[in-house]
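Peer 1: Sequence and predicted structure, then a few things I'm wondering about:
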Amino acid sequence: MMLRGSRAIWQRDMQVLRRSIFSELVAVIAYPLTIYLAFGIGMQSYIGLVDGAPYSLFIAPGLITMTAVNAAYNESVWSLWFHRRVQFTIESYRVTPVSVSEIVIAKIMSGFTHGIIKGCAVGLVIFAITPFRFPLEHLLHYLLFLIPGSALFSCAGIISGTVMDKPETIGKVEAVLVMPLIFMSGLFFPLSSYPPSIITWVRALPTTALFEGARRALVAGDLLLLPVLQVLVSALLTFIAAVVIFRYKMAE
Amino acid sequence: MELSDMMTAAIIARSLTKTYGDLTALDSFDLEVEQGSIFGLLGPNGAGKTTLIRILTTLMRQSRGEAFIEGLDTRSAGRDIRCMIGVVSQENSLDRYLTARENLELHARLHGMDKRLYKRRIDDLLELMGLSGRQKDFPDTFSGGMQRRLVVARALVHQPRILFLDEPTTGLDPQSRRAVWDYVRSLAGSMTIFLTTHYLEEAEQLCDKIAIMDHGRLIAIGSTQELKDRLTGASVYKIEFAPQEVDRYAELLGSMSCVLNIKQMENIVTVTLECWECLAEIVTALNGAPVRRISLQERTLEDVFISLTGEKVRE
């Protein structure tokens, strides 16, 4: 497959991002930073140590990951919906020699790039204003989770943006499915808090593999292969589903 | 299909059918559009125009039948076809987050054009469309006419051989509409233009050949004059009387068997006759009447359109 079209569309998305990077980053950083300050600093003295680490340290990797995957999801879902239903630009791409698969790959790449940029920005801010520190080599392990994790959420966003025609439905899915999945994955509490009967189910979720694996990679430098594979396979399957669903929808 | 047809026809549709469940949007549609011509497609709302254009531009697959663009099958050569067509869709599909120039550049990149080549081409098109001075502005700040011109310019960036214009002037003021017509006329001969429109005047002004479709079927095709000539039989005459006598003569005309329909507006009576030969009978009946003028009412394309598709408003 030629990816010339994907590159052109991705370049367009980056051109638009460059124009509004400052306001985008301010908006994106504000939310996790508020959570960090409220829970990590404000509640720290009440909570004490979690899994042997101060609470502010415990939640920091999760907040960075959450920012990245949320940004990837939001960019993909809203961008695709807007270009498909409001601006009709997807239609204008489709009358050029670009294939439907190239369009969906471009949008996945754009969501993924948004996720990585915004996740890194939040990471830098947390690094700059808090005592949260980690050895540099941990970052490589962490990226092994963050990259496929952002891709996974970008693909999920593409699926939502493809099948949902009403913006309010997109908001509901985010509230009912995406955020609970993120919050259930041990972002604010250790997985050991779950009753033993459901912990197996929670661990089976790719989001748990992502958040738990990413935290241990960044804080302790652990590279847990099974969670990495779980996230990678989920990202791959979601990618295939996104391409198939988008192609099907466009053929209607 | 004959090889000679393929050589001279830019667009060919053979028994093209598209069904959505029980609904038949396109029903065994046959069409042939000559290379280099301006072809107009008319039809009421829901007639199947957009479905046809979506199949021809490879955005949609037909259920049955075949369609060829410059000899290429729409089912198997989509990418090659899209290389040689330009499409101006009904919706204003400009990217509001890119400037006018960036919109054209993106389109050129999607067509894989070389930067040096498209830079110059875009300069020329912006100049031609009168948008050079606004090339760094965002389309949201443009008037409807300017946005439409930009959409047309975008469809021309890669120098297509066939240009599809789906209701290109809908919502434009008369000046902007005429400006778009001028651009379309200026393109005549250099490429094949396939136009759908609700404005019959637009089709009449621009098109070499017009097709009228309804309920997914082709119901008439020909030049404007050929279509008007189809409305043989009934002839419509306007008769202007001196004001004080008009009611009496309107009553007389209304009682004549050869008069199919009669309308009176002030001192003008419009009569629809069975055939033009009835005129002699009318003239005889009006002998001595204070007639100021008798004129034949020219048939318009709208008359043809209404007579073929009916007066009922479509949803």
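Peer 2: Everything's here; your move.
Peer 1: Check which helix or strand the residue of the stretch 101-250 of chain A found nearest chain B maps to.
Peer 2: Per C-beta to the nearest C-beta, A:M250 is where the stretch 101-250 of chain A lies closest to chain B, at 8.2 Å. Yep, even glycine has a C-beta here, placed from its N, CA and C like the rest. Using DSSP states H and E, A:M250 sits within helix A:225-251.
Peer 1: how about the nearest residue to the closest residue to chain B within the stretch 151-252 of chain A, chain neighbours excluded?
Peer 2: When distances are taken as C-beta to the nearest C-beta, the stretch 151-252 of chain A reaches nearest to chain B at A:A251, 6.9 Å away. Nearest residue to A:A251, sequence neighbours excluded (C-beta to C-beta, 6 or more residues apart in numbering or on different chains): B:R61, at 6.9 Å.
Peer 1: My guess is that neighbour contacts B:T51. True?
Peer 2: No: counting by C-beta atoms under 8 Å, B:R61 stays clear of B:T51, with 11.1 Å between them.
Peer 1: Which one of those two is surrounded by more residues?
Peer 2: B:T51 (21 against 13; other C-beta atoms under 10 Å in any protein chain shown).
Peer 1: Pretty sure B:E240 sits in a strand.
Peer 2: Yes: counting by DSSP: H, G, I helix; E, B strand; the rest coil, B:E240 falls inside a strand.
Peer 1: partners of it in the sheet?
Peer 2: On the basis of DSSP bridges, B:E240 is bridged to B:I268, B:R293.
Peer 1: pretty sure it is in contact with B:I268, am I right?
Peer 2: Yes: counting by C-beta under 8 Å, B:I268 is a contact partner of B:E240 at 5.1 Å.
Peer 1: Might you list the low-confidence residue ranges for the stretch 151-300 of chain B?
Peer 2: Along the stretch 151-300 of chain B, the model assigns pLDDT under 70 to residues B:230-234.
Peer 1: Find the nearest non-adjacent residue to the closest residue to chain A within it, please.
Peer 2: The nearest approach of the stretch 151-300 of chain B to chain A comes at B:R154, 7.6 Å away (C-beta to the nearest C-beta). Spatial nearest neighbour of B:R154, chain neighbours left out: B:H107 (4.9 Å); criterion: C-beta to C-beta, 6+ apart.
Peer 1: and if you look at A:I108?
Peer 2: A:I108 sits nearest to A:S154 (C-beta to C-beta, 6+ apart), 4.9 Å away.
Peer 1: which residue ranges form the strands in the chain?
Peer 2: I'll assume chain A. A:49-50, A:53-54 (DSSP state E).
Peer 1: was after chain B, sorry
Peer 2: Going by DSSP E, chain B shows strands at B:9-20, B:23-34, B:38-42, B:64-69, B:72-73, B:85-88, B:162-166, B:192-196, B:209-214, B:217-222, B:235-241, B:259-265, B:268-273, B:291-296.
Peer 1: want to try a markdown table for the ones you listed, with mean neighbour count as columns?
Peer 2: A markdown table is the format used below for the strands of chain B (neighbours: other C-beta atoms under 10 Å in any protein chain shown):
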| stretch | mean neighbour count |
| --- | --- |
| strand B:9-20 | 19 |
| strand B:23-34 | 18 |
| strand B:38-42 | 26 |
| strand B:64-69 | 20 |
| strand B:72-73 | 16 |
| strand B:85-88 | 26 |
| strand B:162-166 | 23 |
| strand B:192-196 | 25 |
| strand B:209-214 | 23 |
| strand B:217-222 | 17 |
| strand B:235-241 | 19 |
| strand B:259-265 | 14 |
| strand B:268-273 | 20 |
| strand B:291-296 | 12 |
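Peer 1: Residues of the stretch 1-150 of chain A that sit close to chain B?
Peer 2: A:4-5, A:8-9, A:11-12, A:15-16, A:19, A:87-89, A:91-99 (C-beta under 8 Å from any C-beta of the partner chain).
Peer 1: coming back round to it: the residue of the stretch 101-250 of chain A closest to chain B: neighbour count?
Peer 2: For A:M250, using other C-beta under 10 Å, the count is 17.
Peer 1: Hmm, it is touching A:Y93, no?
Peer 2: No: the pair A:M250 / A:Y93 is not scored as a contact, 10.3 Å apart, by C-beta under 8 Å.
Peer 1: What residues does the closest residue to B:S176 other than its chain neighbours make contact with?
Peer 2: Spatial nearest neighbour of B:S176, excluding adjacent residues (C-beta to C-beta, 6+ apart): B:G145 at 2.7 Å. Neighbouring residues of B:G145 by C-beta atoms under 8 Å, 6 or more residues apart in numbering or on different chains: B:L172, B:D173, B:Q175, B:S176, B:R177, B:A179, B:V180.
Peer 1: Good, wrapping up.
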